[in-house]
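>>> Please find the sequence and the predicted model below.
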Amino acid sequence: MSRLKYLAGYSDETLNQVQNIINEGRLKEVLLKRYPDTHTVRTDTALYQYTQHIKNEYMGKTQPLSRVSYDSKIKVIQHALGQHHYISRVQGAKLKTVNEIKIASVFRTAPEAFLKMIVVHELAHFKEKEHNKAFYQLCRHMEPNYHQYEFDLRLYLTQVDLFGDIYS
Ligand SMILES: [Zn+2]
């Protein structure tokens with residue numbers, strides 16, 4: 001089971017099912033059937049607009065979004081799929097907060113569902129710093145399929161890690 005590092009935390013039953021799909025050589029087929037297409041949010045400008053749109057729709061008046069970008073330096077590991085930075089600095093008499101989201105560049109050519117899941121996750125951190133109940137409620141509010149998308153995203157990362165990308 002050590003091969004399934006992106007799926008740590010899921011039940012043994014689930015891991016066994018995934019391992020069977022891998023052993024049968026069907027992981028790519030399963031993913032492509034569920035997610036045949038990639039999104040078209042390829043540039044940082046497009047990514048900012050995409051993120052701002054979701055934020056406007058669901059998050060009401062929160063801190064402004066300063067910047068969103070794809071970052072090839074983010075190593076996608078178990079719990080770090082994106083990064084949200086808060087930088088507070090004094091500017092004149094005011095304390096200015098900069099909210100910056102970085103998305104691992106592996107998601108530049110991926111299905112929209114996976115990009116949405118990551119963006120929703122990082123936006124939810126605007127309100128909840130911890131991965132607590134309120135955090136996941138907010139994620140599900142923005143994307144009802146949040147948990148399914150996260151699982152499928154982890155399947156995709158497993159595919160990329162073991163056999164290579166299927167969309168590029
Ligand atoms: Zn997080």
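Good, I have the coordinates. Here the structure is a predicted model, which is why all the values come from computation and not from measurement. Residues are numbered from 1 along each chain as shown.
>>> For the spatially most central residue of the chain, identify the helix or strand it belongs to.
Nearest residue to the geometric centre of the chain (Cα atoms, centre = their mean): residue 118, 2.0 Å. Element membership of residue 118, judged by DSSP states H and E, is helix 112-124.
>>> After that helix, which helix or strand is next? Please name it.
Going down the chain from helix 112-124, the next helix or strand is helix 133-142, by DSSP H and E.
>>> Quick one: work out the angle between that next one and helix 112-124.
Computed with axes from the mean of the first three to the mean of the last three Cα atoms, to 10 degrees, the direction of helix 133-142 lies at 140 degrees from that of helix 112-124.
>>> C-alpha coordinates for the helix or strand that comes right after helix 133-142, PDB please?
Going down the chain from helix 133-142, the next helix or strand is helix 146-163, by DSSP H and E. Written as PDB, here are the backbone C-alpha positions of helix 146-163 (Å, rounded to 0.1, in the frame of the first residue of the first chain):
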ATOM      1  CA  TYR A 146     -15.900  18.600  -3.000                       C
ATOM      2  CA  HIS A 147     -15.000  15.300  -1.300                       C
ATOM      3  CA  GLN A 148     -15.600  13.200  -4.500                       C
ATOM      4  CA  TYR A 149     -13.400  15.600  -6.500                       C
ATOM      5  CA  GLU A 150     -10.700  15.400  -3.800                       C
ATOM      6  CA  PHE A 151     -10.700  11.700  -3.900                       C
ATOM      7  CA  ASP A 152     -10.600  11.600  -7.700                       C
ATOM      8  CA  LEU A 153      -7.900  14.200  -7.700                       C
ATOM      9  CA  ARG A 154      -5.800  12.000  -5.500                       C
ATOM     10  CA  LEU A 155      -6.500   9.100  -7.900                       C
ATOM     11  CA  TYR A 156      -5.200  11.300 -10.700                       C
ATOM     12  CA  LEU A 157      -2.000  12.200  -8.800                       C
ATOM     13  CA  THR A 158      -1.500   8.500  -8.200                       C
ATOM     14  CA  GLN A 159      -1.800   7.900 -11.900                       C
ATOM     15  CA  VAL A 160       0.600  10.800 -12.700                       C
ATOM     16  CA  ASP A 161       3.100   9.500 -10.100                       C
ATOM     17  CA  LEU A 162       3.000   5.800 -11.200                       C
ATOM     18  CA  PHE A 163       2.400   6.000 -14.900                       C
END
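>>> Many thanks, I have nothing further to ask.
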